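Asks: A predicted structure for the sequence below; I have some questions about it.
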Amino acid sequence: MSTLPTAPITSPWRWWVCVLLMLATVINYMDRMALNQMAKEIKGAFALTNEQYGWLESVFSLAFAIGAVGTGFVVDRVSVRWVYPLMVVGWSVAGVLTGFATSFGVLLTCRFALGLFEAGNWPCGIRTTRAVLQPAERSFGNSLFQSGTALGAVITPLMVLALLRQAEVTGATDSWRLPFRVIGCLGLVWVALWFVTVPQRMLQPSDTVGAQAHRGATRFVEVFRDRRFWALVAMVMAVNFTWHGYRTWLPLYLQEQRGYSREAMSGFTTVYYLVADVGSWTVGLLTLVLCKRGLALHVSRLLAFAGCALLTICTVSVPFLPGGWALQAGLLAVAFGALGLFPTYFALTQELSSRHQGKVTGTLGACAHLSLFVVYPIEGWICDVTKSYEWVLGGVGVFPLLALVVTIALWPPKYEPLPSPSAEASM
């Protein structure tokens, strides 16, 4: 019988934990993206306008904001070993139930439940990477973790298309229901892997810090007085405006405005998210290489973020691009930059507070998704009024560059990364 490594930080097994986080994020995004990939079918089934479709995303974001804060507080007090699988089971059940929705109201309720539990992926995941990785490794670890969003988005169009065809072959009248039911069951497999392959001791440093830090530690309210927190608020809103703007509206844009068939849309969005995944990995590796060559950690992160922000600016050209390779090249440049923004953001959140990592991540996630709660119906209304998706897609890529300016202004020019959790626990 094999023995799993248990030593945190120095054990190569820490990278398997990061792979598991990536797989959780894959499943998370598959449950979320199924709606976007079948947006045309669902709009037809429930006779929805773009504004109503925007409300499906809006309700999800409201629930996500609530869940992010709630999970953030819980995971700073209860072992992530138990909180994480609970969140995965919750969003998996919500995904399955979406496939049984009989009205717009039920669909809204299922999306709310999905958002409430899916939000836990990020406080739990960031708490975990902080427990098992050294500061210089965290950008790459976060790249693995966050790349699950793009990998899930790569797999989802292909799986949805295959399941839709299977449902149509069997004569199902509502073929869109089957993908929700099948994808929703995948989370249970992940939960089994988590308990079987991740030893308790590996996550103990994070839990130990949370349990022991009550003596002489900074109160959570002090985080709001740190100007770096407000730089991160600007950053998290910006990166989510860009990423989720395209996640929500790109499939409809390609089908309804650019004339793509269902198969062509699925094929291109698969490539789009594959390129996004490459962007996430590239940024994480670039930051690690720059640090090993002697460049300051904070400078390395900001340079990587700046490069991605310049790529997302390509989005302003979307309304002016002809079809074919020019449009696709512009969209793929946006994809590479849009997901590449996240590893830097997550790494910076891990420098803000060791004791309150879950609450910091959850609060920032809530800021992002409360803003999306407001923005989605407005974006849908703009699409309805202008009869075009290009105004929305053309504008959402500008925000990361603005956030970079805010971050440079607010983040202290010199700082020392927080010590690793194991070092803190031994003090």
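Replies: That came through, no problem.
Asks: can you map out the strands along the stretch 101-250 of the chain?
Replies: Counting by DSSP state E, counting those that start in this stretch, the stretch 101-250 of the chain yields no residue ranges for strands.
Asks: tell me where the model's unsure across it.
Replies: The model of the stretch 101-250 of the chain has pLDDT under 70 over residues 201-202, 204-218.
Asks: which residues in it form helices?
Replies: Using DSSP state H, counting those that start in this stretch, the helices assigned to the stretch 101-250 of the chain run over residues 104-118, 121-132, 138-169, 177-184, 186-197, 200-212, 227-252.
Asks: then the stretch 301-427 of the chain?
Replies: Along the stretch 301-427 of the chain, counting by DSSP H, counting those that start in this stretch, helices occupy 325-349, 357-386, 390-395, 399-410, 421-425.
Asks: re earlier: out of the helices of the stretch 101-250 of the chain, deepest packed?
Replies: For these, the largest average neighbour count (mean count of other Cβ atoms under 10 Å) is found in helix 121-132, namely a mean of 28. Placement of C-beta: from N, CA and C, glycine included.
Asks: okay, angle between that helix and helix 138-169 too, please.
Replies: 140 degrees (axes from the mean of the first three to the mean of the last three Cα atoms, to 10 degrees).
Asks: how about helix 121-132 as PDB, C-alpha atoms only?
Replies: C-alpha atoms of helix 121-132 as PDB (Å, rounded to 0.1, in the frame of the first residue of the first chain):
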ATOM      1  CA  ASN A 121     -14.300  27.500  -5.100                       C
ATOM      2  CA  TRP A 122     -12.100  30.600  -4.900                       C
ATOM      3  CA  PRO A 123     -11.800  31.200  -1.200                       C
ATOM      4  CA  CYS A 124     -11.200  27.500  -0.700                       C
ATOM      5  CA  GLY A 125      -8.700  27.200  -3.600                       C
ATOM      6  CA  ILE A 126      -6.700  30.300  -2.700                       C
ATOM      7  CA  ARG A 127      -6.600  29.200   1.000                       C
ATOM      8  CA  THR A 128      -5.200  25.900  -0.200                       C
ATOM      9  CA  THR A 129      -2.500  27.200  -2.500                       C
ATOM     10  CA  ARG A 130      -1.400  29.500   0.300                       C
ATOM     11  CA  ALA A 131      -1.100  26.600   2.600                       C
ATOM     12  CA  VAL A 132       1.000  24.400   0.300                       C
END
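Asks: compare the helices of the stretch 301-427 of the chain and give me the one nearest residue 108.
Replies: Minimum separation from residue 108 across the helices of the stretch 301-427 of the chain (Cβ to Cβ) falls at helix 357-386, 12.4 Å.
Asks: give the buried residues for that closest one.
Replies: 357-373, 375-377, 379-380, 382-383 (16 or more other Cβ atoms under 10 Å).
Asks: still on that earlier bit, nearest to residue 306, of the helices of the stretch 301-427 of the chain?
Replies: Nearest of those (Cβ to Cβ): helix 399-410, 5.7 Å.
Asks: now for that closest one, which elements pack on it?
Replies: Counting contacts by 3 or more Cβ pairs under 8 Å, 6 or more residues apart in numbering; DSSP states H and E, helix 399-410 packs against helix 227-252, helix 297-312.
Asks: what residues sit buried inside that helix?
Replies: 399-401, 403-404, 406-407, 410.
Asks: for residue 278, state which of those is nearest.
Replies: Nearest member of these to residue 278, counting by Cβ to Cβ, is residue 400, at 17.8 Å.
Asks: the closest one reaches residue 339, doesn't it?
Replies: No: counting by Cβ atoms under 8 Å, residue 400 does not reach residue 339; the two are 11.5 Å apart.
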